[in-house]
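**Student:** Take a look and give me a structure for this.
(one chain, ligands or ions: 2)
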Amino acid sequence: MPRYAQLVMGPAGSGKSTYCSTMVQHCETLNRSVQVVNLDPAAEYFDYPVMADIRELIEVDDVMEDASLRFGPNGGLVYCMEYFANNFDWLESCLGHTEDDYILFDCPGQIELYTHLPVMKYLVEQLQQWEFRVCGVFLVDSQFMVESFKFISGVMAALSAMVSLEIPQCNIMTKMDLLSKKAKKIALACYRFLDPDMYSMIEDSTGKLRSKKFKKLTKAICELIDDYSIVRFLPFDRSDEECINIVLQHIDFAIQYGEDLEFKEPRETEEDKSQNFDEFFQDRADEQ
Ligand SMILES: Nc1nc2c(ncn2[C@@H]2O[C@H](COP(=O)(O)OP(=O)(O)OP(=O)(O)O)[C@@H](O)[C@H]2O)c(=O)[nH]1
Ligand SMILES: [Mg+2]
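**Tutor:** Ligands and ions are numbered 1, 2, ... in the order given. Below is the predicted model of the structure:
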């Protein structure tokens with residue numbers, strides 16, 4: 001039986017931990033069992049029950065206090081994640097092996113983990129060896145939509161995670177509830193941000209630039225994103241059950257969740273019913 005995992009990634013403060021707790025609550029109402037693993041060694045607060053917590057293995061504060069290592073918060077976190085990558089047996093013992101596991105991994109917010117460090121790739125490979133089907137879930141704060149430059153960098157971050165992890169990935173625009181009604185309507189109606197139209201981004205962003213060099217560079221970056229044409233976003237509003245459901249369905253589809261679940265009897269078609277009626281009346285006629 002396959003096991004299922006969502007790797008919840010994204011820049012600091014993009015709403016990863018909130019996404020995990022919202023999903024857990026949503027799945028509870030659907031009567032689906034979903035567990036969460038905290039992979040953020042610097043996490044201080046989250047409001048979901050954890051099945052495993054990386055802080056039991058290593059904590060950033062301990063690394064920073066170590067006089068021989070002398071790391072700051074970011075270096076300390078990278079050290080912790082590398083330590084974690086060398087100790088996957090800890091994770092294996094925490095995960096155990098239940099059939100039809102569905103686990104959310106709440107990852108840290110350091111962007112370099114998704115752009116060029118190999119730790120997340122090692123984790124994906126390890127999970128795949130343990131028969132997990134992994135879907136990347138990359139969160140970007142919807143406040144990024146306010147400015148084209150910010151948005152382009154958000155798209156680039158999502159794209160580098162997609163390219164480096166080589167797994168199905170759903171990109172999600174979080175905190176949609178914070179957008180004003182008008183902004184939300186525009187975002188949803190014209191799909192400019194959800195299905196990025198890089199050519200209108202070029203016009204938007206290069207108009208403000210004076211330097212020709214930067215104009216050219218921005219244009220080249222936008223064209224690169226457009227060439228890949230695989231970055232799309234789903235809106236995520238934690239107060240809207242329908243919205244949460246659509247996101248979950250996309251992810252389930254990407255990892256084919258439910259494909260191996262027990263087969264349910266199809267409903268009888270009209271033809272079957274009439275056949276049964278025919279048999280019934282035949283039996284009654286035979287009896288008489
Ligand atoms: N209104 C609103 N606030 C949100 C939403 N998601 C997250 N927040 C708030 O944004 C802040 C950061 O959210 P977190 O879930 O901690 O973000 P994170 O990505 O886990 O942050 P790090 O682990 O520090 O990288 C918190 O104050 C949340 O309450 C959302 O959908 N709507
Ligand atoms: Mg968090």
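**Student:** closest point of the chain to ligand 1, which residue?
**Tutor:** Closest contact between the chain and ligand 1, by Cβ to the nearest ligand atom, is at Gly109 (2.5 Å). C-beta coordinates here come from the backbone N, C-alpha and C atoms, glycine included.
**Student:** Give the rounded mean pLDDT of stretch 58-69.
**Tutor:** For stretch 58-69, mean pLDDT rounds to 84.
**Student:** re earlier: in three-state terms, label the residue of the chain closest to ligand 1 for me.
**Tutor:** Here Gly109 is coil, with the state taken from DSSP: H, G, I helix; E, B strand; the rest coil.
**Student:** Just the pLDDT for Ala187.
**Tutor:** In this model, Ala187 carries a pLDDT of 63.
**Student:** I misspoke; the intended subject was Ile103.
**Tutor:** Note on Ile103: pLDDT of 95.
**Student:** my read is it is in a strand, agree?
**Tutor:** Yes: Ile103: assigned to a strand according to three-state DSSP.
**Student:** doesn't Gln35 make contact with it?
**Tutor:** Yes: contact criterion Cβ atoms under 8 Å: Ile103 and Gln35 qualify, at 5.1 Å.
**Student:** Find residues that contact each of these two.
**Tutor:** Shared contacts of Ile103 and Gln35, defined by Cβ atoms under 8 Å, 6 or more residues apart in numbering, comprise Met51.
**Student:** hang on, the earlier thing: pretty sure the residue of the chain closest to ligand 1 is touching Gly13, no?
**Tutor:** Yes: using Cβ under 8 Å, Gly109 is in contact with Gly13, at 6.5 Å.
**Student:** So which residues on the stretch 1-150 of the chain come close to ligand 1?
**Tutor:** 10, 12-18, 40, 109 (Cβ under 6 Å from any ligand atom).
**Student:** The residues you listed in helices, which ones?
**Tutor:** Using DSSP state H, 16-18 are the members of these that sit in helices.
**Student:** which among those residues gets closest to Lys150?
**Tutor:** Nearest to Lys150 among these: Lys16, at 18.2 Å, using Cβ to Cβ.
**Student:** quick one on the thing from earlier: so can I have CSV of the residues of the stretch 1-150 of the chain next to ligand 1 showing distance to Leu234 and neighbour count?
**Tutor:** CSV is the format used below for those (distance: Cβ to Cβ, whole Å; neighbours: other Cβ atoms under 10 Å):
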residue, distance to Leu234, neighbour count
Gly10, 13, 26
Ala12, 21, 11
Gly13, 19, 14
Ser14, 14, 26
Gly15, 13, 21
Lys16, 15, 26
Ser17, 19, 21
Thr18, 16, 19
Asp40, 23, 22
Gly109, 20, 19
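**Student:** what sits against Gln128?
**Tutor:** Gln128 is in contact with Val134, counting by Cβ under 8 Å, 6+ apart.
**Student:** burial of Glu59, as a residue count?
**Tutor:** 17 (other Cβ atoms under 10 Å).
**Student:** How much space separates the residue nearest to it when sequence neighbours are not counted from ligand 2?
**Tutor:** Leaving out its chain neighbours, the residue that sits closest to Glu59 by Cβ to Cβ, 6 or more residues apart in numbering is Pro41, at 5.7 Å. According to Cβ to the ion, to the nearest Å, Pro41 stands 11 Å off from ligand 2.
**Student:** quick one: low-confidence parts of the stretch 101-250 of the chain?
**Tutor:** Low-confidence segments of the stretch 101-250 of the chain (pLDDT under 70): 146, 185-193, 204-207.
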